[in-house]
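K.L.:
Got a sequence here, can you model it:
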Amino acid sequence: MSGAPGDATGLDTWLDRLFDRLRVSPLWVALLGSAALLAVFVALAAATGDLAAFLASGSGVWQNRDARLAVLLSLFVAYLPLARRALLRGSRANLEALRASPALRPVGLSTLLAGLPEPSRRGRGLAGALGVLFVPLTALLVDRDPGLYLRADYWHLAQLWEFGLGGLLGWNAGRLAHAMRSEGKRFSELGRRLPRVDLLDPASLEPFARQGLLFALPGLILLSFFAFNLGDRGWIGAALVLGTATLAWTGVAAWLPLRGVHERMRRAKAEELACVHAAIHGDVAALAGSAIADRAASAGLADLVAWRALVLAAPEWPLPPGLRARFALYLALPLGSWLGGALAERAIDALLG
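P.N.:
Predicted coordinates for the structure are as follows:
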């Protein structure tokens with residue numbers, strides 16, 4: 001890990017440096033980038049006559065595959081670099097929140113992070129290259145005719161635009177997945193190394209849960225991409241295959257930062273129960289390593305039984321109700337894409353009409 005232990009890794013690309021120099025929000029940069037891409041596409045379509053042919057056809061933007069994909073790809077290509085940046089900056093913020101956690105005492109964050117592997121630049125590039133391979137895979141799942149792509153009359157402006165932006169989308173998606181895997185493994189190992197865990201007050205461990213929630217959002221937004229296309233018969237098979245893979249990866253990505261701290265909480269719970277059980281059976285010295293060691297001398301049998309009940313009821317995941325509710329809200333994003341698609345169609349049709 002480069003820099004200070006609390007620094008995010010991977011924020012060293014030319015785009016990150018550009019974001020750092022600009023005085024406007026990266027969100028506005030992404031929105032302006034999407035608008036610029038759409039403007040270029042419309043200008044090229046007008047120059048080639050494709051726009052006039054589309055308007056003469058009378059079909060809606062969302063019913064026309066090429067027009068729909070031009071809009072969606074322009075949006076998602078601009079979103080993914082922003083998502084990767086937000087993910088890495090969020091990782092830094094969650095590490096900073098953990099720095100003051102009593103669960104890290106007396107060792108400290110810097111010591112716990114020492115020796116953890118750094119993200120690999122080569123691995124990041126390989127992940128981007130693998131992401132590009134999803135473009136021909138998606139094309140084959142949609143049209144299911146390899147010979148179609150060998151015909152000269154297939155390659156028009158829309159197809160060149162879709163494959164070009166699709167490759168860029170796959171590249172950024174692969175790099176985003178690599179960042180999620182690297183940061184997730186780092187948080188998992190950090191959680192596994194925690195010196196102590198307060199079973200009755202896991203609030204200090206919430207940054208692990210926030211990290212998992214942060215990792216869930218990009219995949220759920222990508223699922224929205226497939227939801228927008230489900231009205232196209234050719235996309236149903238692709239959406240089922242790639243959407244299922246995206247959903248599975250989203251689940252793994254959200255679980256990865258929580259895996260280590262979950263194991264640590266379970267281990268702390270088992271150790272505490274072992275101490276209490278031994279004390280209940282007469283070995284009062286067993287409470288020396290217990291959370292109630294200071295009260296061991298005055299603890300009676302009823303106290304020990306009550307404490308055992310509290311420990312048994314203690315959670316094994318640092319997931320407060322508020323974060324669970326937010327995750328449920330995130331799950332509604334792909335469903336909301338149906339409504340969003342209808343509204344977007346009306347807005348774009350009104351703009352072009």
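
K.L.:
The residue lying farthest from the centre of the chain in helix, strand or coil?
P.N.:
In the chain, the residue that sits farthest from the middle, by CA atoms, centre = their mean, is Gly282; the gap is 49.4 Å. When classified by DSSP: H, G, I helix; E, B strand; the rest coil, Gly282 comes out as coil.

K.L.:
what do you get for Ala285?
P.N.:
Ala285 is classified as helix under three-state DSSP.

K.L.:
okay, now it: neighbour count?
P.N.:
Counted by other CB atoms under 10 Å, the residues lying close to Ala285 total 11. Backbone N, C-alpha and C define where each C-beta goes, glycine included.

K.L.:
Pull up the gap between it and Glu271, please.
P.N.:
15 Å (CB to CB, to the nearest Å).

K.L.:
likewise Leu32?
P.N.:
54 Å.

K.L.:
wait, what's in contact with Leu98?
P.N.:
Leu104, Leu109, Leu190, Ser204, Pro207, Phe208 (CB atoms under 8 Å, 6 or more residues apart in numbering).

K.L.:
Over to Leu169?
P.N.:
Each residue near Leu169 by CB under 8 Å, 6+ apart is listed here: Leu73, Phe76, Val77, Leu80, Gly131, Val135.

K.L.:
before we move on, which element is it in?
P.N.:
helix 157-192 (DSSP states H and E).

K.L.:
Quick one: distance of that helix to the chain centre.
P.N.:
10 Å (CA atoms, centre = their mean, to the nearest Å).

K.L.:
what's downstream of that helix, the next helix or strand?
P.N.:
helix 206-228.

K.L.:
Report the central residue of this structure.
P.N.:
Phe215 (2.6 Å).

K.L.:
Please, which helix or strand holds the closest residue in space to that residue that isn't next to it in sequence?
P.N.:
In space, Phe215 comes closest to Ala253 once its chain neighbours are excluded; the distance is 4.2 Å by CB to CB, 6 or more residues apart in numbering. Element membership of Ala253, judged by DSSP H and E, is helix 233-280.

K.L.:
same deal with Ala52?
P.N.:
Going by DSSP H and E, Ala52 is part of helix 50-57.

K.L.:
Just the residues contacting that helix, thanks.
P.N.:
By CB under 8 Å, 6+ apart, the list of residues contacting helix 50-57 reads Val42, Ala45, Ala46, Asn64, Ala67, His156, Leu157, Ala158, Leu352.

K.L.:
So how do I select the buried members of those residues in PyMOL?
P.N.:
The buried residues among the contacts of helix 50-57 can be selected in PyMOL (16 or more other CB atoms under 10 Å) with this line:
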select buried, resi 42+45+67+157+158
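
K.L.:
just the contacts of helix 50-57 now: which is nearest Pro318?
P.N.:
Ala67 (45.2 Å; CB to CB).

K.L.:
Could you find the closest non-adjacent residue to the closest one?
P.N.:
Val61 (4.6 Å).

K.L.:
which regions of the chain sit below the pLDDT cut-off?
P.N.:
Along the chain, segments meeting pLDDT under 70 span 1-15, 18-19, 24, 26, 331-353.

K.L.:
is it true that the residue nearest to Ala67 touches Leu72?
P.N.:
No. Val61 is beyond contact range of Leu72, at 10.6 Å (criterion: CB atoms under 8 Å).

K.L.:
In terms of helix, strand or coil, where does Arg23 fall?
P.N.:
coil.

K.L.:
Of the contacts of Leu98 - the most surrounded one?
P.N.:
Busiest of those [other CB under 10 Å] is Phe208, holding 31 neighbours.

K.L.:
What residues of stretch 49-59 count as buried?
P.N.:
Those buried within stretch 49-59 under the rule 16+ other CB under 10 Å are Asp50, Leu51, Phe54.

K.L.:
got the residues you listed as JSON lines, with distance to Gly184 columns?
P.N.:
Shown next, in JSON lines, are the buried residues of stretch 49-59 (distance: CB to CB, whole Å):
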{"residue": "Asp50", "distance to Gly184": "43"}
{"residue": "Leu51", "distance to Gly184": "44"}
{"residue": "Phe54", "distance to Gly184": "43"}
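
K.L.:
Closest to His262 out of these?
P.N.:
Looking across the buried residues of stretch 49-59 and measuring by CB to CB, the closest to His262 is Phe54, at 52.1 Å.
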